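> build me a model:
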Amino acid sequence: MNNCSENLNEHKLVALGGGTGLPLVLLAARTLGILPTAVVTMADDGGSTGRLRRELSMLPPGDVRNCLTALASPERAEIARLTNHRFDEGEGIAGHSLGNLMLAAATDDLGSFEQAVKLFEDMLQVQGRVLPSTLEDLTLHGFDRSGEEIYGQASLTCSPRAIAEVEINPKNVTANREAVDALLQADSIIIAPGSLFTSIIPNLQIPDISAAINQSKARVIYCCNIANMKGETANYTAWDYIVTLERYGLKDRIDAILLPYSMHDEESVQRLEAKGIQVVTTALVSADARQRHDEHKLASALPALIQPSCQPASDDAAGALANSQNGNQDEARYALGNQPVEETDN
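Numbers count the residues shown, from 1 in each chain. Have a look, this model is predicted:
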């Protein structure tokens, strides 16, 4: 996996984000023996989650559920699988996942979403922590580059035009204290792949969350998407992602970026390195879902980022050519072609 011998069991890793990207980082961390903490966005309003928010006035359960099942102990794997079961039919229940309904029931029974999440942590014997970034209700809206205002996370994700800016409402939402403490005590903070404007930035717009990241002594690492999302981040380069994150509270705070070959370009790398940002480029594409990261490849790449003394196997796009010689011809062609595809975000 990696020639670093340092023991990571005590490493305090916090991963921040939502959607499908955050659980993959958590799975990668568990592969390394780390007990990670997830700080999860509370902006989701699509699908089953959106229906439950509207009908029950509860906090969004979907992204939290995905993180809980990702960190479930092997002994609870069957329960985790059932928790992710989604009903295909049935009046009023079609489209809902069982876990979302169970979190809704637990919230109603216990009177608190926070307590419902802790109940699930116990039930699934979660190996780590799952913390909502806030325990207060918030909504997301923004503007595309034509100036049109867009309301809601789901609508922003589906925008046919690139997003110019987003904003949470209310602006002064209070952060989850446990999430703030985890960030302040972290050894490394991973900004997970996923929707930049609807999974990552809503966390950073919570004042105490961005303040905690800036005050923390942790290394801050951005795990770049495999591809740009159609509309939302059309034509973004690695440099554009970092500039946008800096605009939303992380000015001069990102220490490293993990790039898939598909997002590697020399101009971005030179500009990032000139800012003192460590750049690691390596194979990350999943063979099963080409728009997503492979958790095992992520696990191989992480030690070189969270432990600066580690040396990655390759750190530039030329490594893509080596992949073709090692039998990964499809990934090498995908990398060198740099063809953006839509990244599915939950």
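
> burial count for the closest residue to Asn169 other than its chain neighbours?
Here the nearest residue to Asn169 in space, its sequence neighbours aside, is Thr139; by Cβ to Cβ, 6 or more residues apart in numbering that works out to 5.1 Å. Heads up, the C-betas are built off the backbone N, CA and C, glycines and all. A count of nearby residues for Thr139, using other Cβ atoms under 10 Å, gives 16.

> repeat for Leu101
Leu101 is flanked by 16 other residues according to other Cβ under 10 Å.

> go on, Ala234?
For Ala234, the neighbour count with other Cβ under 10 Å is 15.

> quick revisit: now the residue nearest to Asn169: phi and psi?
Thr139 adopts backbone torsions of phi -130, psi 160, taken as degrees, to the nearest 10.

> the closest residue to Thr282 other than its chain neighbours and Thr31, how far apart?
Residue nearest to Thr282 in three dimensions, not counting chain neighbours: Ala301, with 5.1 Å by Cβ to Cβ, 6+ apart. Going from Ala301 to Thr31 by Cβ to Cβ, to the nearest Å gives 11 Å.

> so which of the two has more stuff around it?
Per other Cβ under 10 Å, whichever of Ala301 and Thr31 has more neighbours is Ala301, with 27 against 15.

> how close does that one sit to Glu10?
With Cβ to Cβ as the criterion, Ala301 and Glu10 are 20 Å apart.

> neighbours of the residue lying closest to His85 once chain neighbours are set aside, just the number please.
Excluding its sequence neighbours, the residue lying closest to His85 (Cβ to Cβ, 6+ apart) is Leu98, at 4.6 Å. Residues within reach of Leu98, counting by other Cβ under 10 Å, total 17.

> pull the contacting residues for Leu98.
82-87 (Cβ atoms under 8 Å, 6 or more residues apart in numbering).

> adding secondary structure, write those residues out as TSV.
Compiled in TSV, those are given as follows (DSSP: H, G, I helix; E, B strand; the rest coil):
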residue	secondary structure
Leu82	helix
Thr83	helix
Asn84	coil
His85	coil
Arg86	strand
Phe87	coil
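
> and the residues you listed as a markdown table, adding pLDDT and distance to Ile93?
Below are the contacts of Leu98 laid out as a markdown table (pLDDT from 0 to 100; distance: Cβ to Cβ, whole Å):
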| residue | pLDDT | distance to Ile93 |
| --- | --- | --- |
| Leu82 | 96 | 15 |
| Thr83 | 96 | 15 |
| Asn84 | 95 | 15 |
| His85 | 96 | 11 |
| Arg86 | 96 | 10 |
| Phe87 | 95 | 5 |
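
> nearest to Asn225 among these?
Nearest to Asn225 among the contacts of Leu98: Asn84, at 22.8 Å, using Cβ to Cβ.

> and the residue lying closest to the closest one once chain neighbours are set aside, how close does it get to Glu136?
Counting by Cβ to Cβ, 6+ apart, Asn84 lies nearest to Thr69, which is 5.4 Å off, once chain neighbours are set aside. The spacing between Thr69 and Glu136, counted by Cβ to Cβ, is 25 Å.

> any stretches of the protein with poor pLDDT?
Residues of the chain that meet the criterion pLDDT under 70 lie in 1-6, 310-346.

> which stretches in it count as strands?
13-17, 37-40, 129-132, 139-144, 149-151, 163-169, 188-191, 219-223, 256-260, 278-282 (DSSP state E).

> quick one, which of the ones you listed is nearest to Thr244?
strand 163-169 (9.4 Å).

> for the closest one, the distance to its chain's centre please.
Here strand 163-169 is found 18 Å from its chain centre; the criterion is Cα atoms, centre = their mean, to the nearest Å.

> only the buried residues of it, if you could.
By 16 or more other Cβ atoms under 10 Å, the buried positions in strand 163-169 come out as 163, 166, 168.

> try stretch 244-253
In stretch 244-253, residues buried by neighbour count (16+ other Cβ under 10 Å) are 244-245, 248-250.

> for those, which two are the farthest from each other?
Once Cβ to Cβ is applied, the buried residues of stretch 244-253 give Thr244 and Gly249 as the farthest pair, at 10.7 Å.

> would you mind measuring from Ala227 to Gly21?
Taking Cβ to Cβ, one finds Ala227 at 12 Å from Gly21.

> who has more neighbours, those two?
Using other Cβ under 10 Å, the more surrounded residue of Ala227 and Gly21 is Gly21, with 29 against 23.

> contacting residues around that one?
192-194, 199, 223, 225, 292-293, 345.

> which one of those residues is nearest Glu267?
Distances from Glu267 to these, taken by Cβ to Cβ, are shortest for Asn225, at 17.9 Å.
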